[in-house]
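Peer 1: make a model of this:
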Amino acid sequence: DPADHAFAVEDAFEILARYKREGRRFDLVVCDPPAFAKSQKAVDAAVAGYASLNRAALAVVAPGGLLVTASCSARVTVEQFTDAVKEAAFKARVDLQLVAETRQPPDHPVSLQFREGRYLKCVLFSAGLITGEALMGIVIAGAIAGLAGALAANQSDMAGPAMLHWNQSGTLLVMVILGG
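Peer 2: Next comes the predicted model:
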């Protein structure tokens, strides 16, 4: 029922900062921003941007919650991306545990002659120990990450980069950050 949910569309960094100030926490936060590095010279700034976004996102992940974070920047390697998240976790003082890593789905095949085509990266982390509720979140996290990608692809005219969705009953809180 849509009445049981709330949605907001605004700048991701601003809403994350506000939610941190308000003490809001989510069991699952999904970050799926647009490509931060459109050229090789933009890679360093992109890695810094991923670190900044994930640090802000970690500030609203509940203890034992999940962070799903993705990159579609072809010029940023999976190692650089993971290091950016590692830096974010260190600065946010959050102990992250790697739960799963994914790359291209079957409908996004990569030619062996075009390594650069293997640009999609998605990583699922647990912020602390995985609780039973968080384990259920892991099962649906892939579906939500896929939904985020689908929404980003189909909503290129969105007014801003963040979409939030949470169940007012408090059983599952979800924040999805999309490219706009």
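
Peer 1: tell me where the chain has helices.
Peer 2: Taking DSSP state H as the criterion, the chain carries its helices at 12-22, 43-58, 78-92, 132-154.

Peer 1: next, count neighbours for residue 84.
Peer 2: Residue 84 sits with 24 neighbouring residues when counted by other C-beta atoms under 10 Å. Quick note: C-beta positions are derived from backbone N, CA and C, even for glycine.

Peer 1: please apply the same query to residue 83.
Peer 2: Applying the criterion other C-beta under 10 Å, we find 15 residues in the vicinity of residue 83.

Peer 1: how near is it to residue 109?
Peer 2: Applying C-beta to C-beta, to the nearest Å, the value for residue 83 to residue 109 is 27 Å.

Peer 1: with residue 95 instead?
Peer 2: With distances taken as C-beta to C-beta, residue 95 is found 36 Å from residue 109.

Peer 1: again with residue 57
Peer 2: When distances are taken as C-beta to C-beta, residue 57 and residue 109 turn out to be 30 Å apart.

Peer 1: what about those two, which has more around it?
Peer 2: Looking at residue 57 and residue 109 with other C-beta under 10 Å, you find the greater number of neighbours at residue 57, namely 26 against 9.

Peer 1: wait, residue 67 touches residue 60, no?
Peer 2: No. Counting by C-beta atoms under 8 Å, residue 67 sits too far from residue 60 to count as a contact (9.8 Å).

Peer 1: so which helix or strand of the protein has the lowest pLDDT on average?
Peer 2: Ranked by mean pLDDT, DSSP states H and E, the helix or strand of the chain with the weakest confidence is strand 162-167, at a mean of 40.

Peer 1: residue contacts, the residue nearest in space to the middle of the chain?
Peer 2: If you average the C-alpha coordinates of the chain and look for the closest C-alpha using C-alpha atoms, centre = their mean, you land on residue 31, 1.8 Å from that point. For residue 31, the contact set (C-beta atoms under 8 Å, 6 or more residues apart in numbering) comprises 12, 53, 54, 57, 67, 68, 69, 70, 177.

Peer 1: that one and residue 79: what is the separation?
Peer 2: For residue 31, the distance to residue 79 under the criterion C-beta to C-beta works out to 18 Å.
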